[in-house]
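Engineer: Quick one: sequence and predicted model below, then my questions.
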Amino acid sequence: MHHRGPGGDLAAGHRPADADHQRQHRDRRADPPGRHRTGQGAPGRLGLTGFHLPGTIRYELDTAARAAGFAGWEAMAARIRHAGSPQEGEAVWRRVLASPGMRPGRISSVTADDLAALLRAVWRDEAGPAQACSDLRRMMGQQRLTRKIAAGFGPHVQVVSKSGTVPGGVSNDAGVVAFPDGRRYAIAVLTRPLTPGAPTREDVLGTAARVALDHLRAPGTPLSS
């Protein structure tokens, strides 16, 4: 689902992690539409065309900084370190966030639907070798730094997720939510502020996840929803 509220854009994708049926979703982005290509590796093999992986993280950081008028990421970081005030440093960062280099097609991007579909494949050992999928599930289960999706659920619900944050740019989380009745759901929530540099409340991601899964778990909702 996609929603625009007073604070920013939000996109959520969800897939029943154990179901044999898949809902065919229309691609949605948390960012403005941009050119994209299918990611390499597991996303490409699974036909997940919402992944765009243009290069290494260093390449993407340098691309964003150059689009904002700097020689590269190091030059931009030095400008922030030597800023005359915190406000001046924040202005430099907002300039980078608003630059064309931070738009989909120039940096890594993905739809919420395809990210949830990839997690579903990982949990079903379909994204690669079974051992590799198991290792990824184990590593995701060790994440303890953030409570984004998990913030929407009580202690009786198990949430295994991995978040991604660009301060003032995006706040994302993707994972698998397991309920006491044994049903599991792969879900991804991607957000960005309407104004570059504005903060994002992490509990918004948990609320979006809970609302989506409450709908899926409502009586009479088919597994393919």
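Structural biologist: Yes, it's here.

Engineer: Where do the helices of the protein begin and end?
Structural biologist: Secondary structure of the chain (DSSP state H): helices located at 42-45, 57-67, 73-81, 86-97, 112-123, 130-141, 203-217.

Engineer: In space, what's closest to Glu202 - neighbours in sequence excluded?
Structural biologist: Lys148 (4.9 Å; C-beta to C-beta, 6 or more residues apart in numbering). C-beta here means a position set from N, CA and C on the backbone, and glycine is covered the same way.

Engineer: Go ahead and flag the most central residue of this structure.
Structural biologist: Asn172 (3.9 Å; C-alpha atoms, centre = their mean).

Engineer: these two touch, right, Ala64 and Arg103?
Structural biologist: No - Ala64 lies out of contact with Arg103 (C-beta atoms under 8 Å); the separation is 9.4 Å.

Engineer: quick one: which of those two has more around it?
Structural biologist: Between Ala64 and Arg103, counting by other C-beta atoms under 10 Å, Ala64 is the more crowded of the two (24 against 17).

Engineer: got the buried residues for stretch 176-191?
Structural biologist: Neighbour-count burial for stretch 176-191 flags 176-178, 183-191 (criterion: 16 or more other C-beta atoms under 10 Å).

Engineer: Kindly reformat these as a markdown table containing pLDDT and distance to Glu90.
Structural biologist: Shown next, in a markdown table, are these (pLDDT from 0 to 100; distance: C-beta to C-beta, whole Å):
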| residue | pLDDT | distance to Glu90 |
| --- | --- | --- |
| Val176 | 95 | 36 |
| Val177 | 95 | 35 |
| Ala178 | 95 | 39 |
| Arg183 | 93 | 44 |
| Arg184 | 94 | 41 |
| Tyr185 | 95 | 37 |
| Ala186 | 95 | 36 |
| Ile187 | 95 | 32 |
| Ala188 | 95 | 29 |
| Val189 | 94 | 26 |
| Leu190 | 91 | 23 |
| Thr191 | 89 | 20 |
